[in-house]
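# Predicted model and sequence below, questions to follow.
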Amino acid sequence: MNQHWAFPLIGKEYTDGTDGRSTDGPDTFNCWGLVRWCFVQERNIQMPLIPVGRNLREDRAEAIRQVEDATGWRRSYDHVPRDWDIAVMHSADGRHVGLVLVVNGGVHLLHALEGVGVILTPIGELWMFALSNITLWRQA
């Protein structure tokens with residue numbers, strides 16, 4: 001098994017930022033903060049700051065539209081996940097986001113979950129976290 005650049009992120013803590021800790025790394029993340037950190041660190045691509053938290057559920061759809069407008073990322077309709085796609089899903093708390101990565105031949109989602117932290121989940125096992133209705137976004 002090859003060492004992947006994302007492996008050191010696994011196990012980092014989740015925070016919604018209300019405790020004063022950074023939501024976009026390097027030691028604590030929310031779901032969007034993790035995606036932002038990965039793009040800036042590994043691709044030198046700045047993604048816009050989007051507040052994420054339980055009290056902002058209603059604003060997440062608008063925030064996703066803002067990212068589309070600001071970055072040129074577009075929804076993919078082929079439904080085949082590719083390395084570095086952004087996956088947007090529904091969860092019990094609203095929307096959730098993660099980064100699709102091909103790791104050692106398998107397609108996974110790198111994401112930060114409240115109460116769990118940063119994890120790497122095979123795409124086919126996202127149902128275990130009650131994540132559904134996945135849409136993929138990629139750079140146009």
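Thanks, I have the structure now.

# Run through the strands of the chain in chain order.
13-14, 28-29, 73-76, 86-91, 94-103, 106-113, 117-122, 132-139 (DSSP state E).

# Show me the one of these that comes nearest Arg36.
strand 28-29 (8.9 Å; C-beta to C-beta). Every residue, glycine included, has its C-beta placed from N, CA and C.

# Now do that closest one, average pLDDT.
Averaging pLDDT along strand 28-29 yields 96.

# Tell me which residue lies nearest the centroid of the protein.
Gly98 (2.0 Å; C-alpha atoms, centre = their mean).

# leaving aside the residues next to it on the chain, what's closest to Pro48?
Ala70 (5.0 Å; C-beta to C-beta, 6 or more residues apart in numbering).

# Same question for Glu114.
Nearest non-adjacent residue to Glu114 (C-beta to C-beta, 6+ apart): Tyr14, at 5.1 Å.

# Relative to Trp137, how far out is His108?
17 Å (C-beta to C-beta, to the nearest Å).

# Quick check: closest non-adjacent residue to Val35.
Closest to Val35 by C-beta to C-beta, 6+ apart is Leu99, at 5.2 Å.

# now Trp84: how far from Gly20?
Remark: distance between Trp84 and Gly20 (C-beta to C-beta) = 31 Å.
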